[in-house]
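>>> Here is a sequence with its predicted model. Questions after.
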Amino acid sequence: MAERTIKLPDVGEGIAEAELVEWHVKVGDVVREDDMLFAVMTDKATVEIPSPVEGEITWTGGEIGETLAIGSALVRIKVAGEAGAAEEDAAPTPPRHAGEGPQDPSRSTQDRGAPPSRNPGASFETPSARAPQDDEGGGARATSAPAATPKPPAPVAKASPSRGPASRRSPGEKPLASPAVRLKAREAGIDLRQVQGSGPGGRIGHEDLDAFLTRGPEGSGPAGLARRTGTTDVKVVGLRRRIAEKMAKSKSRIPHITIVEEVDVSALEDLRAALNRKPTAERPKLTILPFLMRAMVRALGEQPSLNAIYDDDAGIVHQHAGIHVGIATQTPSGLVVPVVQHAEARDVWGCAIELARLAERARDGTASRDELTGSTITITSLGALGGIATTPVINYPEVAIVGVNKMMVRPVWDGAAFVPRKMMNLSSSFDHRVIDGWDAAVFVQRLKELLETPAMLFIES
Amino acid sequence: MTEITCKLLVIGAGPGGYVCAIRAGQLGIDTVVVESGPLGGSCLNVGCIPSKAMIHVAEEFERATHAAAGRMPFGLTAGPPALDFPKAVEWKDGIVGRLTNGVAALLRRAKVKIVHGRARFRDGRTVEVETETGPQVIRAETIVIATGSAPVELPFLPFGGSVISSTGALALPAVPARLAVVGGGYIGLELGTAFAKLGAKVTIVEAQDRILPLYDAELTGPVAKRLGELGVEVLLGAKARGATPDGQGLRVETREGEDRRIDADRILVTVGRAPVTGDLGLDELVLDMNGRYIRVGDRCETSMRGIYAIGDVTGEPMLAHRAMAQGEMVAEIVAGRPRAWDKSCIPAICFTDPEIVSAGLSPDEAKAAGFETKVGKFPFTANGRAMTLDSEEGFVRIVARAETGIVLGVQAVGRNVSELSAAFGLAIEMGAHLEDVAGTIHAHPTLGEGFQEAALKALGHAIHV
């Protein structure tokens, strides 16, 4: 038998460390070659590390959420083999994802979040447990703690739900349970006084405790309403931690100014309906976003200061020539922002095709690092859930974000009568350090103008 | 001088301290234990173990004497026995040595560092130990005080010369011809009985109105009767006044108020035990006390964060198994596990003749606690095994709540009933009902059947009485 140490491999991208986000194995597990051992997360991509050998896990190192240097020992596997085989270090190769270029060795799995960890240590003291000592007394007295105080008459096993546990035990009486049940309750952070015992005299058995753990206290309130105790601690790791850090950074550094403007999208919707009548592979069905992207391309051409990265530490605003539009996208494990590169060089259908492709890859966790970085401005849209107005958080270190609210038919006064119009609000935030309110307002008005008269999107100026 | 830094420091390697240290070691806690005497504390060296060894010697000797006198009912006779007392002491010391070596090996296996010397607190995190090679400073995140207890001295009968403590009684070179025992608690009775069986003329002086005042008269009756048979004189309500000037006797004021001289080669003083805290430097700490004892909560925590106390320094009952349970609990608490004292009973045993065992509440204690009780008592006269042991004295008594049958306490007196303490304790700790005990098959023929029969008696349908 020999033992092999699995180290954190170089997951590419020239990175020096990665965050451990998930364990797929534990000590004692038997793994086959290519079974996944653990997942690490680099800047934007999650990489699953497979086992290079078959054998039994004898040791694991590293806590979920820990940032580990490349080359750190993470797993030891006992492998069957020639006796005396020296321990060798193994750095497994991260699997390549089919369809990805050789420059992209990582298989990103954003949909893999760390499992929430329940904290059994959250215990509650049981003040009824009495210290064993008596008062001072001469001689070597040997007494028992006067604690074997059991409960009032045995209730029927299935107690009527109207009777709460409090009515079953006199105040101050200790719940009756075996040491094993007491220990289990203590480890689970449960005060046995809350638990109804179904045994004779109200003795609490393992099954009562299990029932309490799964159902909570019965009969402590009206039927069907049970009080729940305890807390579930979810460790903020991986993608969730990155989101948290980035949001905090954006909100703490950037003084946001948010403008909400309503846009009459009736004409745009008519146009969109017309264009969507005969979709083809080259010309797929369009949502409103490709139009918005094109409108932004137009508006930003006139206001390049909004298509920018503000390096606030260096005091430089990098205005970009290319317009790379980040699209905030909800995935099972959280928010990611795939980027439509060079929107200025794509027409409406080009934007739509790229958008669909990126959203798909982001949702199934195969988007590459390049596809998830490099935006210069961001759109956030929740579609039908978009609300009337939002206060979007700027995708730091960008300087502007455009939020799309839900579209709805509203009565609009046209000077003579109320007419039904398809109305949609845009809620846009700007970095007020480098964008003045005037410039922000000009940008929003330009977007409104372009979207209300969509033909202008197609007229080269 | 290099300092030792550790996670857990245990002061005292008695049953509380060494168990705490071993358990902590098992849990991977970096642990140091300091002991000023031999490992094992009072229990192993001058208490439970050596006294039981000498009690056994005395029993065997007495039985042989009984046989020599032709008083065995089954016709066994033997020549007059002779006891090589130094040999008996050597045998006892051998047992103690094996056990203390065992403790040392267990500590080593748990990777616990042992420092020999007297510990003194510098502050709540630092202890200085006077070792043979000089002072040693130990810093620890958590400190457990497990310094135990020592026999109480009477001001008018200071230890020394003919006045001895239980420790001295276990190290005598020969059986004294006349022994006066001051204090009729379990230690005095156990040792007094043993020396009586070994041939000493024993007088027991007890200030209260009966022996073993903390047990009820029903339980102590067989013991008192047996003392009479052994020729032990018991003076109740009598007060020791001091040694006679010639050092060959004890002055006693009898219940009637008369002065009386009791001739004695040795005066054994067993009037209780006091916690050992004197040289510990507790002045450097701000520990809440409970009389002479260190006040602890249900996790054995003291009033100072990071300092725990276990065993006899925390008060009554001063029993090794209580200290052990506390030590184990504290080690697990230090390891971060949720634990608190939740025991239902701490059984107690008097290794008198016959033995007494008590677990949980006695009938009187149960009544005082406000319980409606029913009590079942089964005499060993109706137990086959007791008859075959020629030991029919005694009984098993069970106390249960009247309305639910939950067992509140079990007591027994009789030969070898100490071994029944396991069953009694288990029943109470498991929350057994009379039906649980009655419904458990107890092997025949054993003294343990008395437990089942007592439960049946309480339920109103004992078979054999």
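Nice, thanks for sending it over.
>>> Give the residue spans of chain B that score low on pLDDT.
Where chain B drops to pLDDT under 70, the residues are B:1.
>>> can you list the weak-confidence ranges in the stretch 151-300 of chain A?
For the stretch 151-300 of chain A, the stretches flagged by pLDDT under 70 are A:151-172, A:216-226.
>>> ok, which stretches of it are helices?
A:179-187, A:206-215, A:238-253, A:266-275, A:288-302 (DSSP state H, counting those that start in this stretch).
>>> JSON lines for the ones you listed, including distance to chain B?
The C-beta positions use only the backbone N, C-alpha and C, and glycine is treated the same way. What follows is the helices of the stretch 151-300 of chain A, written out as JSON lines (distance: least, CB to the nearest CB, whole Å):
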{"stretch": "helix A:179-187", "distance to chain B": "5"}
{"stretch": "helix A:206-215", "distance to chain B": "12"}
{"stretch": "helix A:238-253", "distance to chain B": "25"}
{"stretch": "helix A:266-275", "distance to chain B": "61"}
{"stretch": "helix A:288-302", "distance to chain B": "52"}
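>>> So which of those is the most surrounded?
Most buried of the helices of the stretch 151-300 of chain A, by mean neighbour count (mean count of other CB atoms under 10 Å in any protein chain shown): helix A:288-302, with a mean of 21.
>>> Buried residues in whatever helix or strand comes next after it, which are they?
Using DSSP states H and E, the helix or strand that follows helix A:288-302 towards the C-terminus is strand A:308-311. By neighbour count with 16 or more other CB atoms under 10 Å in any protein chain shown, strand A:308-311 contains the buried residues A:308-310.
>>> Show the contacting residues for residue 176.
No chain in the question, so chain A it is. A:150-151, A:197, A:199, A:201-204, B:406, B:431 (CB atoms under 8 Å, 6 or more residues apart in numbering or on different chains).
>>> Please refer instead to chain B.
B:195, B:200, B:264-266.
>>> hmm, back to that, between the buried residues of strand A:308-311, which is closest to A:Pro338?
Nearest to A:Pro338 among the buried residues of strand A:308-311: A:Ile309, at 17.5 Å, using CB to CB.
>>> was I right about the closest one contacting A:Val317?
Yes. Under the criterion of CB atoms under 8 Å, A:Ile309 makes contact with A:Val317 at 7.4 Å.
>>> Now do the shared contacts for these two.
Common neighbours of A:Ile309 and A:Val317 (CB under 8 Å, 6+ apart) are A:Val399.
>>> rewinding a little: B:Val234: which of the helices of the stretch 151-300 of chain A is closest?
Closest among the helices of the stretch 151-300 of chain A, using CB to CB: helix A:179-187, at 39.9 Å.
>>> now what about the closest one, what contacts it?
Contacts for helix A:179-187 (CB under 8 Å, 6+ apart): A:120, A:123, A:126, A:177, A:191-192, A:195, A:204-206, A:209, B:337-340, B:342-343, B:429-430.
>>> biggest separation within the contacts of A:Leu176, which pair?
Using CB to CB, these span at most 12.6 Å, a distance reached by A:Ile204 and B:Ile406.
>>> which parts of the stretch 51-200 of chain B sit against chain A?
B:152, B:183, B:185-187 (CB under 8 Å from any CB of the partner chain).
>>> Restricted to strands, list those residues.
Mapping those onto strands (DSSP state E) picks out no residues; all lie outside.
>>> could those go into JSON lines alongside distance to B:Phe371 and neighbour count?
Converted to JSON lines, those look like this (distance: CB to CB, whole Å; neighbours: other CB atoms under 10 Å in any protein chain shown):
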{"residue": "B:Val152", "distance to B:Phe371": "34", "neighbour count": "15"}
{"residue": "B:Gly183", "distance to B:Phe371": "32", "neighbour count": "27"}
{"residue": "B:Gly185", "distance to B:Phe371": "27", "neighbour count": "25"}
{"residue": "B:Tyr186", "distance to B:Phe371": "26", "neighbour count": "24"}
{"residue": "B:Ile187", "distance to B:Phe371": "31", "neighbour count": "25"}
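>>> Just the ones of those residues in helices?
In helices, defined here by DSSP state H, the members of those are B:186-187.
>>> Point me to the residue of the stretch 101-250 of chain B nearest chain A.
Among the residues of the stretch 101-250 of chain B, B:Gly185 lies closest to chain A, at 4.1 Å counting by CB to the nearest CB.
>>> my read: that residue touches B:Leu212, true?
Yes. Using CB under 8 Å, B:Gly185 is in contact with B:Leu212, at 6.7 Å.
>>> quick one: B:Arg23 is in a strand?
No. Assigned with DSSP: H, G, I helix; E, B strand; the rest coil, B:Arg23 falls outside any strand and is helix.
>>> if we can go back for a sec, dump the buried residues of strand A:308-311 to a markdown table, plus pLDDT and distance to B:Glu130.
Below are these laid out as a markdown table (pLDDT from 0 to 100; distance: CB to CB, whole Å):
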| residue | pLDDT | distance to B:Glu130 |
| --- | --- | --- |
| A:Ala308 | 95 | 73 |
| A:Ile309 | 95 | 69 |
| A:Tyr310 | 95 | 68 |
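>>> from those, which is closest to A:Asp439?
A:Ala308 (11.6 Å).
>>> can you tell me which residues contact that closest one?
So, once contact is read as CB under 8 Å, 6+ apart, A:Ala308 ends up touching A:317-320, A:376, A:398-399, A:434.
>>> Would you work out how far apart the start and end of stretch A:315-326 are?
23 Å (CA to CA, to the nearest Å).
>>> wait, I meant stretch B:455-465
12 Å.
>>> Would it count as contacting chain A?
No. Using CB under 8 Å from any CB, stretch B:455-465 stays clear of chain A, coming no nearer than 13.1 Å.
>>> what packs against the host helix or strand of B:Lys52?
Here B:Lys52, judged by DSSP H and E, is contained in helix B:48-68. In terms of contacts (3 or more CB pairs under 8 Å, 6 or more residues apart in numbering or on different chains; DSSP states H and E), helix B:48-68 is packed against helix B:85-109, helix B:186-197.
>>> Between helix B:186-197 and that helix, find me the angle.
Counting by axes from the mean of the first three to the mean of the last three CA atoms, to 10 degrees, helix B:48-68 points 30 degrees away from the direction of helix B:186-197.
>>> quick one, domains of the chain?
You didn't say which chain, so I picked chain A. Domain ranges of chain A: A:2-90, A:148-236, A:238-458, per automatic domain parsing.
>>> ah, no, chain B please
Looking at automatic domain parsing, the domains of chain B come to B:4-46+B:89-151+B:274-334, B:163-271, B:348-459.
>>> which one of these lies closest to A:Ile327?
Nearest of these (CB to CB): domain B:4-46+B:89-151+B:274-334, 50.1 Å.
>>> gap between the residue most central in space within chain A and A:Pro392?
Geometric centre of chain A, nearest residue: A:Gly334, 3.6 Å, by CA atoms, centre = their mean. A:Gly334 sits at a distance of 16 Å from A:Pro392 (criterion: CB to CB, to the nearest Å).
>>> try A:Met41
Counting by CB to CB, the gap from A:Met41 to A:Pro392 is 25 Å.
>>> just A:Lys448 next, same as before
17 Å.
>>> Which one of the two is surrounded by more residues?
A:Pro392 (22 against 18; other CB atoms under 10 Å in any protein chain shown).
>>> mind checking the backbone torsions on the more buried one?
Per-residue torsions, A:Pro392: phi -60, psi 150 (degrees, to the nearest 10).
>>> Which residues are in contact with it?
Contacts of A:Pro392 (CB under 8 Å, 6+ apart): A:258, A:380, A:401-403, A:427-429.
>>> so who does B:Gly161 touch?
With CB under 8 Å, 6+ apart, B:Gly161 has these contacts: B:243, B:247.
>>> swap in A:Met407?
A:265, A:269, A:288, A:422-424.
>>> Same question for A:Pro338.
Taking CB under 8 Å, 6+ apart, we find A:Pro338 in contact with A:326-327, A:329, A:358-359, A:361-362, A:367, A:371-372.
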